[in-house]
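Q: following is a predicted model, sequence given first.
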Amino acid sequence: MDQKYPVYPYIGTTQRVVRTPITFPPQHQNRQPGLEWVMHPRPIFDYPGYIGSNKLKGRVAIITGGDSGIGRAVAAAFAKEGANLTIMYLDEHRDANETKQYVEALGARCLLLSGDLKNPNTSSEAVEQTIKTYGRLDIIVNNAAVQPYTNSIVEISNEQLEDTFRTNVFPLFYMTKAALPYLRQGSSIINTASRVAYEGEKSVIDYAASKGAVVSFTRTMAMSLVDKGIRVNGVAPGPAWTPLTVSTYPAEHQLTFGADLPMGRAAQPFEIAPAYVYLASNESAYVTGQVLHVNGGKIRYT
């Protein structure tokens with residue numbers, strides 16, 4: 001993992017060490033949610049020292065946006081824990097196929113489904129294909145999102161605002177409604193929120209507002225489904241090195257990305273994925289309606 005810029009030996013032993021970059025070279029992609037295979041350096045989505053212990057053995061998970069970024073890291077972690085997967089993505093076919101090959105090498109089965117989650121039929125079809133393939137459904141990870149960059153609210157067109165909420169919020173309703181007939185006691189729904197839902201961010205105004213809606217949806221659905229034994233929680237990542245980052249911010253932003261955090265750097269996706277494993281597993285059986293903050297040391301949230 002050696003780079004031409006500072007690295008920080010973050011985790012592992014002398015046999016298994018992951019060196020995570022502190023800074024990143026300038027880069028920007030003109031499409032969202034972005035492509036992982038063209039990023040430099042590539043995000044670190046798996047830690048070889050993480051050995052699964054069958055926490056999710058025999059379970060089946062749908063992961064939206066599972067082709068890259070945090071979704072890919074969650075897919076790898078779930079595969080190590082024994083889950084079989086349905087990975088949903090828009091049209092990033094190369095990234096999706098890389099993820100499929102990786103998780104299958106870990107011993108998991110992986111169904112890839114390409115489609116636009118803004119269409120409610122996409123969620124219904126994904127659930128149907130998952131049941132047809134695996135015969136069950138236990139875990140939903142609502143992770144797909146867009147994050148437009150703006151300098152002012154006056155720059156946000158009505159079309160952009162609607163697209164942001166139809167991508168980041170509406171599919172949580174569509175997927176939950178489609179999956180609910182098949183979920184059972186012990187099932188888990190996990191929604192990807194964001195630190196900006198709590199502290200705001202002036203350069204991603206509509207994204208931050210949509211993630212606030214994700215937090216409210218998480219808490220409300222937890223109350224709604226608790227009697228069915230279905231838990232609903234969220235994860236609020238801080239800055240993370242993902243395709244969404246390089247497709248959102250100007251190229252020079254990457255030079256200082258994450259530097260304002262107490263830990264002094266952005267997260268790699270593999271550092272966020274264990275929170276999803278915890279919330280999906282029986283180890284969190286008494287946890288619902290909560291949002292875990294994996295954010296490099298920001299501690300003022302409630």
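A: Received, thanks. Residues are numbered from 1 along each chain as shown.
Q: show me the strands in the stretch 1-150 of the chain, by range?
A: Shown for the stretch 1-150 of the chain, the strands assigned by DSSP state E, counting those that start in this stretch span residues 7-12, 17-21, 60-64, 84-89, 110-114, 139-142.
Q: got a list of what residue 175 touches?
A: Residues near residue 175 by C-beta atoms under 8 Å, 6 or more residues apart in numbering: 62, 64, 117, 123, 126-127, 140, 142. Glycine gets a C-beta too; all of them are placed from N, C-alpha and C.
Q: buried stuff in the helix or strand hosting it?
A: When elements are assigned from DSSP states H and E, residue 175 belongs to helix 170-179. Neighbour-count burial for helix 170-179, with 16 or more other C-beta atoms under 10 Å as criterion, is recorded at 170-172, 174-176, 178-179.
Q: returning to what we had before: nearest to residue 92 among the contacts of residue 175?
A: residue 64 (12.5 Å; C-beta to C-beta).
Q: for the closest one, which non-adjacent residue is spatially closest?
A: Nearest non-adjacent residue to residue 64, counting by C-beta to C-beta, 6 or more residues apart in numbering: residue 144, 4.0 Å away.
Q: count the neighbours of that neighbour for me.
A: The tally of other residues near residue 144 (other C-beta atoms under 10 Å) stands at 26.
Q: on that earlier part again, now the contacts of residue 175: which count as buried?
A: For the contacts of residue 175, a neighbour count by 16+ other C-beta under 10 Å gives the buried set as 62, 64, 117, 123, 126-127, 140, 142.
Q: dump those residues to a markdown table, plus distance to residue 218 and pLDDT.
A: A markdown table is the format used below for the buried ones among the contacts of residue 175 (distance: C-beta to C-beta, whole Å; pLDDT from 0 to 100):
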| residue | distance to residue 218 | pLDDT |
| --- | --- | --- |
| 62 | 17 | 99 |
| 64 | 15 | 98 |
| 117 | 17 | 98 |
| 123 | 17 | 98 |
| 126 | 20 | 98 |
| 127 | 20 | 98 |
| 140 | 12 | 99 |
| 142 | 9 | 98 |
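Q: switch these over to CSV; also include distance to residue 28.
A: Converted to CSV, the buried ones among the contacts of residue 175 look like this (distance: C-beta to C-beta, whole Å):
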residue, distance to residue 28
62, 31
64, 24
117, 24
123, 31
126, 31
127, 35
140, 32
142, 27
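Q: and those, which is closest to residue 159?
A: Among those, and counting by C-beta to C-beta, the member closest to residue 159 is residue 117, at 17.4 Å.
Q: measure the residue nearest to the closest one when sequence neighbours are not counted to residue 59 for me?
A: Of all residues not flanking residue 117 in the chain, residue 171 sits nearest, at 3.9 Å (C-beta to C-beta, 6+ apart). To residue 59, residue 171 is 21 Å away according to C-beta to C-beta, to the nearest Å.
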